[in-house]
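Enquirer: for reference, the sequence and a predicted model appear below.
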Amino acid sequence: MVIQQRTELRRNRILYFLSIILAIAVLTGVVLQYPQAAQASQVVLLLLGLAAIAAIGLALAQLYAFPKRSHAILIQRDGDITIATNAVHEGFKLRFLRDVIGENVFSFTDQDREQLKALEADGYYPAFIVRNVRKILVLRLCTMVYDDVFCIDSSERWEHHDSSNTSEPSSHKREMPPLRVWKGTRA
């Protein structure tokens, strides 16, 4: 598996759009030149047109498969921090967090699973609980690997750390993720 930096992903997206524009220009030229061209040139133009169509198809497929922004939600209550994410297909991020935090990672109890079940309807899946670790450490680790990190404390205050450009959690906004169903952190 190849892991690309966020800036490389942005550059790749620009290259896909430029490829589509170039392929459309080639197709336009082929359509305009084809009737006046000699028979040997028509074969070359036809091959160029097919290559341009293939380039458009590949670029559109790459844009469709472009990775979505990964989110993590840190739910803080009673000294525990629950980590939920929308990027369960990116298990390497969770393994990284689990390896770094190590012995402070715990599994959910049945009561915890029941309380956090509402998050699954919104596409966020609770991964594990972290105990006896400072919030700033968990926040720093999450901003290193996720694009958006949302934190909620026991008084229902939300923080949003956008780390798509930098992993520094120096500033935050008071906003919550797009959740349809949120019952809160207390039972």
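Expert: The structure has been received and is ready for your questions.
Enquirer: centroid-wise, who is the farthest residue in the chain?
Expert: Centroid-distance maximum for the chain: residue 38 at 50.1 Å, with Cα atoms, centre = their mean.
Enquirer: pretty sure residue 150 sits in a strand.
Expert: Yes. If the criterion is DSSP: H, G, I helix; E, B strand; the rest coil, then residue 150 is within a strand.
Enquirer: could you list the low-confidence segments of the chain?
Expert: 1-9, 66-67, 164-176, 178-187 (pLDDT under 70).
Enquirer: could you pull out the strands for the chain?
Expert: 71-77, 80-85, 105-106, 125-131, 148-152, 158-162 (DSSP state E).
Enquirer: rebuild the ones you listed as JSON lines, extending it with distance to residue 60 and mean neighbour count.
Expert: (C-beta placed from N, C-alpha, C; glycine too.) Formatted as JSON lines, these follow (distance: least, Cβ to Cβ, whole Å; neighbours: other Cβ atoms under 10 Å):
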{"stretch": "strand 71-77", "distance to residue 60": "26", "mean neighbour count": "22"}
{"stretch": "strand 80-85", "distance to residue 60": "28", "mean neighbour count": "22"}
{"stretch": "strand 105-106", "distance to residue 60": "41", "mean neighbour count": "16"}
{"stretch": "strand 125-131", "distance to residue 60": "29", "mean neighbour count": "18"}
{"stretch": "strand 148-152", "distance to residue 60": "26", "mean neighbour count": "23"}
{"stretch": "strand 158-162", "distance to residue 60": "28", "mean neighbour count": "18"}
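Enquirer: who wins for proximity to residue 94 among those?
Expert: For the strands of the chain, the distance to residue 94 is smallest for strand 125-131, at 5.2 Å, taking Cβ to Cβ.
Enquirer: give me the angle between that closest one and strand 80-85.
Expert: Going by axes from the mean of the first three to the mean of the last three Cα atoms, to 10 degrees, strand 125-131 is angled at 160 degrees with respect to strand 80-85.
Enquirer: ok, the most centrally placed residue in the chain to residue 75 distance?
Expert: Note on the chain: the residue nearest the mean C-alpha position is residue 69, at 2.5 Å, using Cα atoms, centre = their mean. Note on residue 69: its distance to residue 75, by Cβ to Cβ, to the nearest Å, is 19 Å.
Enquirer: same check on residue 145?
Expert: Here residue 145 is placed at a distance of 18 Å from residue 75 (Cβ to Cβ).
Enquirer: likewise for residue 54?
Expert: In terms of Cβ to Cβ, residue 54 sits 47 Å off from residue 75.
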